[in-house]
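*Asks:* I'll drop the sequence and a predicted model, then ask my questions.
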Amino acid sequence: MKHAFLIIAHNNWNQLCQLIKAVDSEKCDFFIHVNSKIDFKKDTADKVKMSAQKSKVIFSERVPITWGDFGICEASLVMLRAAISSGGGDDYYHLLTGSDLLLKNIDDFDSFFEKNLYCNKDKNKKTNYIKVGLPNKKLASRIYYYNFFISFWRNPNSIIRKIATLSNSILGCIQKNLGINRWRKVEMRLYHGSSWWSVSDEFAEYLLGKFEWIKVQFAMMTFAADEFVPQTVIMNSPFKNSIYVPTDDMDASLRLIDWKRGNGYGSPHIWRMEDKCKVTDSNNLIGRKFDEVVDKDIVDYILNKISK
């Protein structure tokens, strides 16, 4: 079985290089997107590429990304297009960030997907690993109404942040009172979930085929479209019964993420060495998030573990 890792990265290049070295195998390739807003040197790109001896490392077309806007969604689809176009014959596509690490070695990782290839309600389609749920009214409002000043919602200046979020709330109420609903004429039920997923080649091609429709429906002034797009597409498609039903402590997306201890502004807890037991005991396959600047010891520990 072959895997394509689609990685959205913008810093910590050494950590990314070490991950590639640890996972390097004929069983996988890496497709990397770098935010077009940052200065990314050719020698850094060359260093990343040289981290692999067996895997292909390909940098995709670059698009601008700002927290909360359509950029993450577009970048994921751009990488997906690059991976499919490469003709690598990948069976699964995994969306990661540069702060993610595999928690299993590549052989055990691959073995899980082999074992669970048709472990879903629809035995005629390969299993897809996407966390899906129905959005509450507050979440759905991100799609129903236009969102304003998104780039300021996490501004380090608390006054600017409060003005931006309050202004958006007021404009949202005005839109609601005017009867605006961008989703009203869309003949699909809206779904929500995690931004990070692992999908089969079958669904990957189906999702990519919806690229233009996705841009029309989600690109303009939508907050966190990446938390709606894959879920809405798969649940309104022939693949709706192909989603993995997790067992034990596993997440439907196979990701270990601690939002409870996050920073409160859309970023999860950064795993540290004191979390070692929780991380290593997890049955999930991918962990988010790790940062060698914050705690290099846990990064080195996990990379050493999956290299064996």
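*Replies:* Structure received. Numbering: from 1, shown residues only.
*Asks:* list the buried residues of stretch 296-308.
*Replies:* Judged by neighbour count (16 or more other C-beta atoms under 10 Å), stretch 296-308 contains these buried residues: I298, V299, I302, L303, K305, I306. All C-beta atoms are positioned from the backbone trio N, CA, C, and that covers glycine.
*Asks:* tell me the mean pLDDT for it?
*Replies:* The predicted model assigns stretch 296-308 a mean pLDDT of 93.
*Asks:* same check on stretch 145-156?
*Replies:* The average pLDDT within stretch 145-156 is 93.
*Asks:* pull the residues that contact that stretch.
*Replies:* With contacts defined as C-beta atoms under 8 Å, 6 or more residues apart in numbering, stretch 145-156 is touched by 66-69, 160-161, 163-165, 167-168, 171-172, 175-176, 180-182, 220-223, 265-266.
*Asks:* what about 7 Å?
*Replies:* With contact meaning C-beta atoms under 7 Å, 6 or more residues apart in numbering, stretch 145-156 is reached by 66-69, 160-161, 164-165, 167-168, 171-172, 175-176, 180, 221-223, 265-266.
*Asks:* start and end of stretch 193-212, how far apart?
*Replies:* Criterion C-alpha to C-alpha, to the nearest Å; first-to-last residue distance in stretch 193-212 is 21 Å.
*Asks:* all helices for the protein, in order.
*Replies:* 13-23, 42-49, 71-85, 106-115, 137-144, 158-177, 201-208, 211-218, 229-235, 276-281, 296-307 (DSSP state H).
*Asks:* now the ones you listed in CSV, with distance to N35?
*Replies:* What follows is these, written out as CSV (distance: least, C-beta to C-beta, whole Å):
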stretch, distance to N35
helix 13-23, 13
helix 42-49, 13
helix 71-85, 8
helix 106-115, 27
helix 137-144, 22
helix 158-177, 21
helix 201-208, 21
helix 211-218, 19
helix 229-235, 19
helix 276-281, 27
helix 296-307, 21
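*Asks:* closest to S99 out of the ones you listed?
*Replies:* For S99, the closest of these is helix 13-23, at 7.7 Å, according to C-beta to C-beta.
*Asks:* what's N168 in contact with, if anything?
*Replies:* Residues in contact with N168 (C-beta under 7 Å, 6+ apart) are N147, F148, F149.
*Asks:* of these, which is the nearest to E227?
*Replies:* When those are compared against E227 (criterion: C-beta to C-beta), the nearest one is N147, at 12.9 Å.
*Asks:* and the closest one, how far from M220?
*Replies:* Distance from N147 to M220, counting by C-beta to C-beta, to the nearest Å: 9 Å.
*Asks:* same check on L166?
*Replies:* Plainly put, L166 is 22 Å away from M220 if you go by C-beta to C-beta.
*Asks:* same question, W259
*Replies:* Distance from W259 to M220, by C-beta to C-beta: 28 Å.
*Asks:* same deal with N128?
*Replies:* Here N128 is placed at a distance of 27 Å from M220 (C-beta to C-beta).
*Asks:* related to what we said a few turns ago, ok, of the contacts of N168, which come out buried?
*Replies:* For these, a burial check counting by 16+ other C-beta under 10 Å picks out N147, F148, F149.
*Asks:* what sits against Q217?
*Replies:* Residues in contact with Q217, defined by C-beta under 7 Å, 6+ apart, are V186.
*Asks:* state the pLDDT value of it.
*Replies:* Q217 carries a pLDDT value of 96.
*Asks:* and what of Y265?
*Replies:* 69.
*Asks:* now do K210
*Replies:* In this model, K210 is scored at 97, pLDDT.
*Asks:* ok, it - contacts?
*Replies:* For K210, the contact set (C-beta under 7 Å, 6+ apart) comprises V233.
*Asks:* one more: M273?
*Replies:* D295, D297, I298.
*Asks:* which non-adjacent residue is nearest the second one?
*Replies:* Spelled out, that is D297. Nearest-residue entry for D297: M273, 4.6 Å, with adjacent residues in sequence omitted and distances by C-beta to C-beta, 6 or more residues apart in numbering.
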